[in-house]
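Novice: One predicted model, sequence on top.
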Amino acid sequence: MEDKKHVAIIGGGIAGMESAGILVKFGYKVTVIEKTDKTGGKLRNWSYLFPDFADPNILVDDINNKATLANVNIIYNTEISHIKKQNGRFELSDIKDVKIFSDAVVIASGFKLFDASLKEEYGYGIFDNVITSVDLERIIKAKKVLSTIDNKIPQRVAIIHCVGSRDAKVGNTYCSKVCCITAIKQAIEINKMIPECEVFCFYMDLRLYGSHFDSLYLSAQQQHNIQFIRGRLSEVSEKQDNSLQIKAEDTLSGRPLRMKVDMVVLMVGMEPELSNNNLITDNTVQLDENGFFKSKNIHDHRSCTTHNGIFAAGACLCPMSVSETLENARSVVFEVNDYFEKQKT
């Protein structure tokens, strides 16, 4: 009997774990290499999913259970730094020179979040009442009530879209795709938490890609009194009482706008992982102009990289929602299977 082909998957987030469980069902031996001590990735830090406010832990546990039942081998606390092909197989090594050999590789390294402190004019890391969407998500997940540095319940909160996305000044000209809907979800959560609080969303333009996203946007306005302002933020400053003054341009009227708020929430976008640069050094895998993995063909070989036998899944290809990530993770299985089938002919 022919030995099972071995697939190494870099990253134990939802993309890596979903593809791992299915690859085993296709008859392959699978090893997932995860750099932390647990699988599930950033989704473990979310309070609710959009647009249905489902519990992300249920989804993560379901994906992990499928992989467990499939006997997927998982190596924890190991970060792959190099991939090279040697004697017909792929050699994966980490910084401690641990080596893993496989017949194919799936990179599912995910994304990192934009560092909001790089936008100094927004005051993150300078003013205590300026937080990010990640900070707010932690508060909601912990079932705490949002409060200012003075432990006061905020009466006005401004949510700023596109922080670190569609911004040539920071080098990210692409859309992170999920910031608008995340802002809407979090605005609704603030309203549920503090019904008397006024919540303002400052957006460049609303990009609501998914099914039912527009319905959630309408619900935010009609049922939760969220106010949407098409405006570009220029500066946040702090007043003596620790409240914040924001300066923006109302891009519909073309007029400057000033507003006093108690808190500012910055919707930070997705960026490619810095480790991507290491993973391309010993092979012909390429990155696109934004630093994500470049596809062999974005139309019919989305998950194939520019190196035969090395594939990519999930948000390491481009910003994706949870549902898109899972769909892409499933599709990479067919690409890997096709790669092995062609070797038989």
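Specialist: Happy to help now that I have it. Residues are numbered from 1 along each chain as shown.
Novice: hey, where'd the helices end up in the stretch 51-200 of the chain?
Specialist: Using DSSP state H, counting those that start in this stretch, the helices of the stretch 51-200 of the chain run over 56-69, 133-141, 179-193.
Novice: Pick the most buried one from those.
Specialist: Highest mean neighbour count of these: helix 179-193, a mean of 22 (counted as mean count of other Cβ atoms under 10 Å). The C-beta positions use only the backbone N, C-alpha and C, and glycine is treated the same way.
Novice: List of residues touching that one?
Specialist: 47-48, 50-51, 53, 133, 136-137, 140, 145-146, 157, 159, 161-163, 165, 197, 199, 201, 203, 206-210, 213, 216-217, 219-220, 224-226, 265, 267-269, 321 (Cβ atoms under 8 Å, 6 or more residues apart in numbering).
Novice: hmm, which of those residues are the buried ones?
Specialist: 47-48, 50-51, 133, 136-137, 140, 146, 157, 159, 161-163, 165, 197, 199, 201, 203, 206-208, 210, 213, 216-217, 220, 224, 226, 265, 267-269, 321 (16 or more other Cβ atoms under 10 Å).
Novice: Just the ones of the residues you listed in strands?
Specialist: Within these, residues falling in strands by DSSP state E are 157, 159, 161, 162, 163, 199, 201, 203, 265, 267, 268.
Novice: Pick the one among those closest to residue 11.
Specialist: Proximity of those to residue 11, judged by Cβ to Cβ, is greatest for residue 268, which lies at 20.4 Å.
Novice: Would you mind measuring from that closest one to residue 48?
Specialist: 18 Å (Cβ to Cβ, to the nearest Å).
Novice: for residue 239, same thing?
Specialist: 33 Å.
Novice: Can I get stretch 102-122 as CSV, trimmed to CA atoms?
Specialist: This file holds the C-alpha atoms of stretch 102-122, laid out as CSV (Å, rounded to 0.1, in the frame of the first residue of the first chain):
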residue,chain,number,x,y,z
SER,A,102,6.2,17.1,4.1
ASP,A,103,5.0,16.5,0.6
ALA,A,104,3.0,19.7,0.4
VAL,A,105,2.6,22.8,2.5
VAL,A,106,-0.4,25.0,3.4
ILE,A,107,0.4,28.4,4.8
ALA,A,108,-2.4,29.6,7.0
SER,A,109,-0.5,32.2,8.9
GLY,A,110,-3.5,34.7,9.2
PHE,A,111,-2.9,38.4,9.7
LYS,A,112,-1.8,40.9,12.2
LEU,A,113,-3.7,44.0,13.3
PHE,A,114,-2.6,47.5,12.4
ASP,A,115,-0.7,49.3,15.2
ALA,A,116,-3.0,52.3,15.9
SER,A,117,-0.2,54.2,17.7
LEU,A,118,1.3,54.9,14.2
LYS,A,119,-1.5,57.3,13.6
GLU,A,120,-0.3,59.7,16.3
GLU,A,121,-2.9,62.3,15.4
TYR,A,122,-5.6,59.9,16.6
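Novice: Quick one: mean pLDDT for it?
Specialist: The predicted model assigns stretch 102-122 a mean pLDDT of 97.
Novice: so what's residue 104 up against?
Specialist: By Cβ under 8 Å, 6+ apart, the contact set of residue 104 is 5, 6, 7, 8, 90, 309, 310, 311, 336, 339, 340.
Novice: swap in residue 216?
Specialist: 50, 51, 181, 184, 185, 188.
Novice: How many residues are close by residue 302?
Specialist: 18 (other Cβ atoms under 10 Å).
Novice: where does it land on pLDDT?
Specialist: So, for residue 302, pLDDT stands at 92.
Novice: Distance check, residue 233 against residue 161.
Specialist: Look at residue 233 and residue 161: by Cβ to Cβ, they are 9 Å apart.
Novice: Name the residues contacting each of the two.
Specialist: With Cβ under 8 Å, 6+ apart as the test, residue 233 and residue 161 both reach residue 202.
Novice: Which of the ones in strands among the buried ones among the contacts of helix 179-193 sits closest to residue 259?
Specialist: Taking Cβ to Cβ as the measure, residue 157 is the one of these closest to residue 259, at 10.9 Å.
Novice: Surely residue 67 touches residue 21?
Specialist: Yes - counting by Cβ atoms under 8 Å, residue 21 is a contact partner of residue 67 at 4.2 Å.
Novice: For the nearest residue to residue 293 once chain neighbours are set aside, name its beta-bridge partners.
Specialist: The spatial neighbour of residue 293 that comes closest, neighbours along the chain excluded (Cβ to Cβ, 6 or more residues apart in numbering), is residue 312 at 4.2 Å. Under DSSP bridges, the beta-bridge partners of residue 312 are residue 107.
Novice: any idea of the pLDDT on residue 312?
Specialist: Note for residue 312: predicted pLDDT of 98.
Novice: would you turn the contacts of residue 104 into a markdown table with distance to residue 302?
Specialist: Putting the contacts of residue 104 into a markdown table (distance: Cβ to Cβ, whole Å) gives the following:
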| residue | distance to residue 302 |
| --- | --- |
| 5 | 22 |
| 6 | 23 |
| 7 | 18 |
| 8 | 20 |
| 90 | 21 |
| 309 | 16 |
| 310 | 14 |
| 311 | 10 |
| 336 | 13 |
| 339 | 14 |
| 340 | 19 |
